[in-house]
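Novice: I would like to see how this sequence folds:
(one chain, ligands or ions: 2)
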Amino acid sequence: MTRMQQVCVLGAGSWGTALALVLARSGHREVRLVASSDAQAAEINETGENLRYLPGIALPGNIEITADVQMAIKDIDICVYALPCVAVSDFLPLLADGAYPVVAACKGLHPETLQRTDEMLAEYIDRSRIALLSGPSFAKEVAEGQPTAITMAAENISMAEKAASYFDDTNFRIYLSDDIVGVAMGGALKNVIAIAAGMADGLGLGHNSIAAVVTRGLAEISRLAQACGGRPETLMGLSGLGDLVLTCTGSLSRNRQFGMAIAQGKDLTAAIEAIGQVVEGVRTAEAVHQMAGQIQLELPLMQSIHLVLSGELAIAEGLKQLMSRPEKAE
Ligand SMILES: NC(=O)c1ccc[n+]([C@@H]2O[C@H](COP(=O)([O-])OP(=O)(O)OC[C@H]3O[C@@H](n4cnc5c(N)ncnc54)[C@H](O)[C@@H]3O)[C@@H](O)[C@H]2O)c1
Ligand SMILES: O=P(O)(O)OC[C@H](O)CO
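Specialist: Ligands and ions are numbered 1, 2, ... in the order given. Okay, the predicted model is just below:
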């Protein structure tokens, strides 16, 4: 009898739960979904769904919910990290000794170390085991089984291919990339631009403004990603432009919702609390601000977002400054 594949997903928030569903759909593997507490695990087990993060979506029997990480990573074939970037140091040391691939599904830059997701993982895991999953993918739509196209990146394309082979749900199409830097940067930076798009919407600005935010945002994302070694064509793909468009225009985006709330007068803490889920763009905006200073790169839109969020610039003044910058070649 062939052995059932064993998969661990760290994080029973919206993205971890949606990815557990993708991994479980083929029916020929067991998925261990790691909740943040025994209470959360018990609630999901009792109700058969993740009421807080993905209400209304039944979890199949081959997804086991547990808060016991040590048990969940025993004899696994692959591990998916689907928690916020800042929690990497809490969980990744536990995975250091294994030989299985580790897929990072988080998107962000570390606000203190300024590390990309691949660099955060590489602190604990050999680079040959690391893959990144990134692209336009709202958890709710993935969980509902709606068609989604996404990128799996690894330094060696054969690792990207191996990691992708576990996500064999026909409505979850994966493209491969060996540009791990470009994929990591596209996924992290689009969150900052989505906050800007939300702010524009919250201020009552029209479609022209959103188009300007997306286009000039893409220019800044490309500039910074390339300065870090990413390839320009990656930024035009699913993990760059694709995710940027989704997050800047899709009402499901938490980063976009957060930007709207700020523009409507909520303070940062109240806006995050009102959303009740992870808003990665806030910490990433802080990291971008520091990086831009260190490498002397002009990133006016992303810098303005950081200054607004840190209370150093009023939104109206930020908008005025952006619109009155000296003319330059596009
Ligand atoms: N939700 C999506 O549509 C989506 C899609 C693609 C990528 N992502 C990325 O996935 C990552 C996780 O986001 P999510 O959407 O699942 O968030 P979420 O808010 O839905 O869930 C976050 C989970 O992490 C736990 N958590 C929060 N802070 C923590 C901390 N400091 N330490 C340990 N655990 C913590 C929470 O208990 C919860 O289980 C983020 O980097 C996000 O950008 C999300
Ligand atoms: O809800 P957001 O803004 O964190 O975006 C979710 C995903 O990253 C979209 O691809």
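
Novice: what helix or strand is the residue nearest the centre of the chain located in?
Specialist: The centroid of the chain falls nearest to K107 when counting by CA atoms, centre = their mean (2.9 Å). Using DSSP states H and E, K107 sits in no helix or strand.

Novice: swap in the one 5 residues further on?
Specialist: Taking DSSP H and E as the definition, one finds E112 inside no helix or strand.

Novice: domains of the chain?
Specialist: 5-178, 181-324 (the TED database).

Novice: okay, these in TSV with distance to ligand 1 and mean pLDDT next?
Specialist: Yep, even glycine has a C-beta here, placed from its N, CA and C like the rest. Output for the domains of the chain, formatted as TSV (distance: least, CB to the nearest ligand atom, whole Å; pLDDT from 0 to 100):
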stretch	distance to ligand 1	mean pLDDT
domain 5-178	2	97
domain 181-324	3	97
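
Novice: out of the ones you listed, nearest to E330?
Specialist: For E330, the closest of the domains of the chain is domain 181-324, at 8.1 Å, according to CB to CB.

Novice: the closest one close to ligand 2?
Specialist: Yes. Domain 181-324 lies within reach of ligand 2 by CB under 6 Å from any ligand atom, at N191, A194, D243, L246, T247, S253, R254, N255, E280.

Novice: my guess is the residue nearest to the centre of the chain meets T117, correct?
Specialist: Yes. If you go by CB atoms under 8 Å, K107 and T117 touch, sitting 7.1 Å apart.

Novice: can you work out which residues contact both of the two?
Specialist: C85, G187, A188 (CB atoms under 8 Å, 6 or more residues apart in numbering).

Novice: ok, the first one - how many residues close by?
Specialist: Applying other CB atoms under 10 Å, we find 25 residues neighbouring C85.

Novice: again, but for the one 4 residues further on
Specialist: Taking other CB under 10 Å as the criterion, the count of residues near S89 is 13.

Novice: could you verify that it is part of a helix?
Specialist: Yes. The assignment for S89 is a helix, going by DSSP: H, G, I helix; E, B strand; the rest coil.

Novice: residues contacting it?
Specialist: Neighbouring residues of S89 by CB under 8 Å, 6+ apart: M120, E123, Y124.

Novice: now the residues you listed: which count as buried?
Specialist: Among the contacts of S89, those classed as buried by 16 or more other CB atoms under 10 Å are M120, Y124.

Novice: dump the contacts of S89 to a markdown table, plus distance to E141.
Specialist: As requested, the contacts of S89 are exported to a markdown table (distance: CB to CB, whole Å):
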| residue | distance to E141 |
| --- | --- |
| M120 | 27 |
| E123 | 32 |
| Y124 | 31 |
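
Novice: so which of the contacts of S89 comes closest to E144?
Specialist: Looking across those and measuring by CB to CB, the closest to E144 is M120, at 29.9 Å.

Novice: which of the helices or strands spans the residue in the stretch 51-200 of the chain positioned nearest to ligand 2?
Specialist: The minimum distance from the stretch 51-200 of the chain to ligand 2, using CB to the nearest ligand atom, falls at S137 (4.6 Å). For S137, there is no host helix or strand (DSSP H and E).

Novice: burial measure for it, as a count.
Specialist: Here the count is done by other CB under 10 Å, and S137 has 24 residues near it.

Novice: how long is stretch 306-315 end to end?
Specialist: 11 Å (CA to CA, to the nearest Å).

Novice: how far is it from where the chain is centred?
Specialist: Between the centre of stretch 306-315 and the centre of its chain there are 23 Å (CA atoms, centre = their mean, to the nearest Å).

Novice: also stretch 146-156?
Specialist: Relative to the centre of its chain, stretch 146-156 is centred 12 Å away, using CA atoms, centre = their mean.

Novice: so for it, what gets flagged as buried?
Specialist: Neighbour-count burial for stretch 146-156, counted by 16+ other CB under 10 Å, picks out T148, I150, T151, M152, A153, A154, E155.

Novice: pull that stretch out as PDB, backbone CA atoms only.
Specialist: Only the C-alpha atoms of stretch 146-156 are listed here, as PDB (Å, rounded to 0.1, in the frame of the first residue of the first chain):
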ATOM      1  CA  GLN A 146     -12.400  29.700  -7.500                       C
ATOM      2  CA  PRO A 147      -9.800  29.600 -10.300                       C
ATOM      3  CA  THR A 148      -6.600  31.200  -9.100                       C
ATOM      4  CA  ALA A 149      -3.100  31.500 -10.700                       C
ATOM      5  CA  ILE A 150      -0.100  31.900  -8.500                       C
ATOM      6  CA  THR A 151       3.700  31.600  -8.600                       C
ATOM      7  CA  MET A 152       6.000  29.200  -6.800                       C
ATOM      8  CA  ALA A 153       9.600  30.400  -6.600                       C
ATOM      9  CA  ALA A 154      12.800  28.800  -5.400                       C
ATOM     10  CA  GLU A 155      16.500  29.400  -6.200                       C
ATOM     11  CA  ASN A 156      16.500  26.100  -8.000                       C
END
